[in-house]
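K.L.:
predicted coordinates and the sequence they were generated for:
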Amino acid sequence: MNNINNIYLDYQATTPVDKRVIDKMLPYFGEIYGNPHSRNHSFGWEAEQAVEVARENVANIIGANPKEIIFTSGATESNNLAIKGLADFYGDKKNHIITCVTEHKCVLESCRLLSERGFEVTYLQVNKDGLIDLKDLESKINDKTLLVSIMGVHNEIGVIQPLKEIGDICRKNSVFFHTDCAQAIGKIKINVDEMNIDLLSISGHKIYAPKGVGALYVRRKPRVRISAMMSGGGQERGMRSGTLSPALCVGLGEACRICADEIDEESKRITKLKNILLEGIHGECDDIFINGSETDRVPGNINLSFAYVEGESLMMGIKNLAVSSGSACTSASLEPSYVLKALGVSEELAHTSLRIGIGRYTSEKDVRDAVKVIVNEVKRLRSLSPLWEMAQEGVDISKIKWASH
Amino acid sequence: MAYSKELLDHYENPKNVGSLDKASEDVGTGLVGAPACGDVMKLQIKVNDAGIIEDAKFKTFGCGSAIASSSLVTEWVKGKKIDEANSIKNTEIATHLALPPVKIHCSVLAEDAIKAAIEDYKKKNKK
């Protein structure tokens, strides 16, 4: 099985830049070099025009007005700016934030920092599907609640939160709604007005644009105010100073344009590949479980637990496949993923999980090869696994008194 | 993380995978670790009348380093007297496989497994 080439199946970590995006960007590294903020000559105007077209493309994919789009360095910056910027601006009036235990670290860390500065933070739990409970959300809102921050599509398990319903609750209660949509753009359709979203974060490199660029949507009507994080020339309506990179902005814009154009077709294609993958694996191996909702999820994220096979050894065995391990054993910490724990996935199963990401350049052959490699390795490692042996003998592993170490 | 050639070889072609009859008088079984921690090792030894380990088998649920550590230790104990086997140190395993620091616990577990198997054998064969 070692005769296959390396296959990239980690589209949640990052995506390659679309060739069409690169082509659009290239002139802005060379002949068009003006500062888009230079107002008094044609070099500046040319660069500015490119940035504004890009802004329009970014706005279009979420049904926003271009004036509501701020370019940033990526979703981490957008999330920081949205949460801390809002807290800074309104903090003396309202000081309660609601988020969720499975949010991305940059949201959780921003909230943690604010809690050190006197903010109250409520962390909503998720059900076994990885989704929040809307009644729970509503019950946690009080007259001090400033912000609800819930991501659109989950990076690790791919589940889709009910954005419209969350937005309705927030609007009804006059609470700002921020959503990290780094993994949602181009995968689900989003409209900031229909969903009552006030702030929305976008990442370039998750949607086939380069790393180092992202955007934040900030609603104008009714107006949402945020304090800037950086002092400077007051670019981006005063919310994000610093000279924009026209090349990066153009790249993000073009990537958004392509995603908006091709979302239906792409979803269909990726769904088909996902089905081939799941049918292939389930057809050959038992006791493989999908983590997170089976219905409310994007097709390109397949997070699976392979019972009785430890995730890191599986990754080592399928080294030609670039996937991600849900058990964070690859990092220095040996703790399984906090996300899977929050879903109530047992620690045993959390240690056996892999995230397989399918995207724009995944071919059917890639998926079929991946199935073969995975099935082969799962069978081999199960033949080595004392837990598999016990399960086959009918021993209930959960009844054994294990000595933890 | 770059693993050593020895480690990869034991992971890809593990030695002595399997099970011995745990009910048999001349077999000692050690089962250490916990699924929730991501490592479980089952190590078995078969001891002859002269007190020499004739055969050893293992099964491991765990990372590549855990699999390699248990495979290596089964190779080492074969042909040894049980007291000699009992003195194998985790540091020897870790050095032989060039385990990275975060994987040292795998060698500790392998040492625990062999000790547990010997203890089980001794308990069965108290004279």
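P.N.:
Yep, that arrived.

K.L.:
quick check: phi and psi on the nearest residue to residue A:366 once chain neighbours are set aside?
P.N.:
Nearest non-adjacent residue to residue A:366, counting by C-beta to C-beta, 6 or more residues apart in numbering or on different chains: residue A:7, 4.8 Å away. In this view, the C-beta of every residue, glycine as well, is placed from N, C-alpha and C. Backbone torsions for residue A:7, taken as degrees, to the nearest 10, come to phi -120, psi 130.

K.L.:
residue numbers of chain B in contact with chain A?
P.N.:
Proximity of chain B to chain A, by C-beta under 8 Å from any C-beta of the partner chain, involves residues B:1, B:3, B:11, B:14, B:17, B:19, B:31-42, B:59-64, B:66-67, B:102, B:105, B:108-109, B:112.

K.L.:
for ChimeraX, write a command that selects the buried ones of these.
P.N.:
Buried members of those can be picked out in ChimeraX with the line below, counting by 16 or more other C-beta atoms under 10 Å in any protein chain shown:
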select /B:3,11,14,17,31,32,33,34,35,36,37,38,39,40,41,42,59,60,61,62,63,64,66,67,102,105,108,109,112
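
K.L.:
one step back: OK, contacts around the residue nearest to residue A:366?
P.N.:
With contact set as C-beta atoms under 8 Å, 6 or more residues apart in numbering or on different chains, residue A:7 has these partners: A:320-322, A:362, A:366, A:369-370.

K.L.:
picking up where we left off before, so which of the residues of chain B next to chain A sit within strands?
P.N.:
B:31-34, B:39-42, B:59-61 (DSSP state E).

K.L.:
which pair of these spans the longest distance?
P.N.:
B:34 and B:59 (15.0 Å; C-beta to C-beta).

K.L.:
can you show me the CA trace of stretch B:104-120 as PDB?
P.N.:
In PDB, the C-alpha atoms belonging to stretch B:104-120 read as follows (Å, rounded to 0.1, in the frame of the first residue of the first chain):
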ATOM      1  CA  ILE B 104       9.000   8.100  27.400                       C
ATOM      2  CA  HIS B 105       5.800   7.000  29.200                       C
ATOM      3  CA  CYS B 106       5.400   4.300  26.500                       C
ATOM      4  CA  SER B 107       8.700   2.700  27.700                       C
ATOM      5  CA  VAL B 108       7.500   3.000  31.300                       C
ATOM      6  CA  LEU B 109       4.400   1.200  30.400                       C
ATOM      7  CA  ALA B 110       6.300  -1.600  28.600                       C
ATOM      8  CA  GLU B 111       8.400  -2.100  31.800                       C
ATOM      9  CA  ASP B 112       5.200  -2.200  33.900                       C
ATOM     10  CA  ALA B 113       3.800  -4.800  31.500                       C
ATOM     11  CA  ILE B 114       6.600  -7.200  31.800                       C
ATOM     12  CA  LYS B 115       6.700  -6.800  35.600                       C
ATOM     13  CA  ALA B 116       3.000  -7.400  35.700                       C
ATOM     14  CA  ALA B 117       3.300 -10.500  33.600                       C
ATOM     15  CA  ILE B 118       6.100 -11.900  35.800                       C
ATOM     16  CA  GLU B 119       4.100 -11.200  38.900                       C
ATOM     17  CA  ASP B 120       1.100 -13.000  37.500                       C
END
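
K.L.:
who touches it?
P.N.:
Residues contacting stretch B:104-120 (C-beta under 8 Å, 6+ apart): A:334, A:405, B:28-33, B:39, B:41-45, B:58, B:62-63, B:65-66, B:68-70, B:72-73, B:77, B:82, B:85-86, B:88-91, B:93-94, B:97, B:99.

K.L.:
count the residues that sit near residue A:189.
P.N.:
16 (other C-beta atoms under 10 Å in any protein chain shown).

K.L.:
ditto for residue A:396
P.N.:
Neighbour tally, residue A:396, other C-beta under 10 Å: 8.

K.L.:
also the one 3 residues further on?
P.N.:
Each residue near residue A:399 was counted by other C-beta under 10 Å, and the total is 6.

K.L.:
what of residue A:204?
P.N.:
32.

K.L.:
check contacts around it.
P.N.:
So, once contact is read as C-beta under 8 Å, 6+ apart, residue A:204 ends up touching A:74, A:210-214, A:248, A:251-252, A:255.

K.L.:
ok, these vs residue A:178, which is closest?
P.N.:
residue A:214 (14.0 Å).

K.L.:
any idea of the mean pLDDT for stretch B:101-113?
P.N.:
The average pLDDT within stretch B:101-113 is 94.

K.L.:
distance from it to the middle of the chain?
P.N.:
10 Å (C-alpha atoms, centre = their mean, to the nearest Å).

K.L.:
returning to that earlier point: next, give me the two most distant ones among the contacts of residue A:7.
P.N.:
A:320 and A:362 (14.2 Å).

K.L.:
for chain A, which residues score under the pLDDT cut-off?
P.N.:
Across chain A, the ranges flagged by pLDDT under 70 are A:1-3, A:326-334, A:404-405.

K.L.:
follow-up on the earlier one: export the ones in strands among the residues of chain B next to chain A to JSON lines and tack on distance to residue A:27 and pLDDT?
P.N.:
Formatted as JSON lines, those follow (distance: C-beta to C-beta, whole Å; pLDDT from 0 to 100):
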{"residue": "B:31", "distance to residue A:27": "65", "pLDDT": "96"}
{"residue": "B:32", "distance to residue A:27": "63", "pLDDT": "96"}
{"residue": "B:33", "distance to residue A:27": "59", "pLDDT": "94"}
{"residue": "B:34", "distance to residue A:27": "59", "pLDDT": "91"}
{"residue": "B:39", "distance to residue A:27": "55", "pLDDT": "92"}
{"residue": "B:40", "distance to residue A:27": "58", "pLDDT": "95"}
{"residue": "B:41", "distance to residue A:27": "60", "pLDDT": "96"}
{"residue": "B:42", "distance to residue A:27": "63", "pLDDT": "97"}
{"residue": "B:59", "distance to residue A:27": "60", "pLDDT": "97"}
{"residue": "B:60", "distance to residue A:27": "57", "pLDDT": "97"}
{"residue": "B:61", "distance to residue A:27": "55", "pLDDT": "96"}
